[in-house]
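Student: Model the structure of this input:
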Amino acid sequence: MFGDLKKHGFDLESTMLHHFERLSRLTLAMSLLYVWSLTVGVKTIHRGLRALVDRKERRDLSIFQIGLRIIERCVTNGLELKISLCRHL
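Tutor: Okay, the predicted model is just below:
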């Protein structure tokens with residue numbers, strides 16, 4: 001998780017926010033995105049689609065990074081992303 005919040009993910013330190021309210025709002029938004037990205041990453045691995053974003057010879061992406069790259073890929077290519085946070089939906 002440390003790497004996901006640093007350069008390999010959100011790059012939180014580059015925001016340079018010092019105001020408590022702004023930083024707390026950003027932290028809340030990042031927490032929601034983090035959970036969603038983890039969910040997308042897990043679903044991607046279970047569906048056997050990990051090879052779309054990760055190297056086959058050496059697995060060096062976290063589940064969060066896999067999810068974030070899949071989300072970015074879907075947004076960039078205009079693809080539909082149907083993964084909900086609720087198990088029964």
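
Student: Contacts only, for Val40.
Tutor: Applying Cβ atoms under 8 Å, 6 or more residues apart in numbering, we find Val40 in contact with 66-68, 70-71, 81, 83. Yep, even glycine has a C-beta here, placed from its N, CA and C like the rest.

Student: Just among the residues you listed, which is most surrounded?
Tutor: Within those, most neighbours by other Cβ atoms under 10 Å means Gly67, with 26 neighbours.

Student: Now do the contacts for Leu26.
Tutor: Shown in contact with Leu26 (Cβ under 8 Å, 6+ apart): 15, 17.

Student: Which helix or which strand is home to it?
Tutor: Element membership for Leu26, per DSSP states H and E: helix 20-46.

Student: May I have whichever helix or strand comes after that helix exported as PDB, CA atoms only?
Tutor: Using DSSP H and E, the helix or strand that follows helix 20-46 in sequence is helix 63-77. Coordinates of each C-alpha in helix 63-77 appear next as PDB, following Å, rounded to 0.1, in the frame of the first residue of the first chain:
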ATOM      1  CA  ILE A  63      -3.400  -5.800  -7.400                       C
ATOM      2  CA  PHE A  64      -4.100  -2.000  -7.000                       C
ATOM      3  CA  GLN A  65      -1.900  -1.200 -10.000                       C
ATOM      4  CA  ILE A  66      -3.500  -3.900 -12.100                       C
ATOM      5  CA  GLY A  67      -7.000  -2.500 -11.300                       C
ATOM      6  CA  LEU A  68      -5.900   1.100 -11.900                       C
ATOM      7  CA  ARG A  69      -4.300   0.200 -15.300                       C
ATOM      8  CA  ILE A  70      -7.500  -1.700 -16.300                       C
ATOM      9  CA  ILE A  71      -9.600   1.300 -15.400                       C
ATOM     10  CA  GLU A  72      -7.300   3.600 -17.300                       C
ATOM     11  CA  ARG A  73      -7.400   1.300 -20.300                       C
ATOM     12  CA  CYS A  74     -11.200   1.200 -20.300                       C
ATOM     13  CA  VAL A  75     -11.500   5.000 -20.000                       C
ATOM     14  CA  THR A  76      -8.900   5.600 -22.700                       C
ATOM     15  CA  ASN A  77     -10.400   3.100 -25.200                       C
END
